[in-house]
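**Student:** Model the structure of this input:
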Amino acid sequence: MIVDDEKDITSAFKLGIEDSNGDTNRQIEVYTSNDPVVALSEFKPNFYDLVLVDITMPHMNGFEFCGKMLAIDINVKVCYISSVEINREALRQIYPSLSLGCFIRKPVAIDYLITRIMSELD
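**Tutor:** Sure, this is the predicted structure:
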């Protein structure tokens, strides 16, 4: 699942990831949402393997979204995407219970994005 308020980002990521299915020997189905509130209301436990979530979005930031999402499904993996530099130590103090392992900086080449996704899924 990709949650980003920028429709161009979700469309490009979805297309690039789904086009890579033959290269990765996996069938990856991508769901997208441009509103974290809607994405959370439609989120199904034990359905998604990984969620790519933008950090800066209206209505709810990516960390708030992930906190609520992980309360529904603790097993889903998360990669945060952002166009700004992230201070992980400061974030750990604000969101001590969230895993802050996977960060992807925008803009990102689709090949690198797919490599990161595959490494998180393995």
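
**Student:** Does Ile114 touch Asn21 like I think?
**Tutor:** No: Ile114 is not in contact with Asn21 according to C-beta atoms under 8 Å; the separation is 9.9 Å. (Glycine included, C-beta is placed from N, CA and C.)

**Student:** neighbour count winner among those two?
**Tutor:** Comparing Ile114 with Asn21 by other C-beta atoms under 10 Å, the one with more neighbours is Ile114, at 20 against 14.

**Student:** Okay, helices next: where are they in this protein?
**Tutor:** Here the chain has its helices, by DSSP state H, at 7-19, 21-24, 36-42, 62-72, 88-94, 110-121.

**Student:** what would these look like in CSV with distance to Asp54 and mean pLDDT?
**Tutor:** Output for the helices of the chain, formatted as CSV (distance: least, C-beta to C-beta, whole Å; pLDDT from 0 to 100):
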stretch, distance to Asp54, mean pLDDT
helix 7-19, 7, 95
helix 21-24, 23, 66
helix 36-42, 8, 97
helix 62-72, 5, 93
helix 88-94, 15, 69
helix 110-121, 13, 92
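
**Student:** Let me know which of these is tucked in deepest.
**Tutor:** Highest mean neighbour count of the helices of the chain: helix 62-72, a mean of 18 (counted as mean count of other C-beta atoms under 10 Å).
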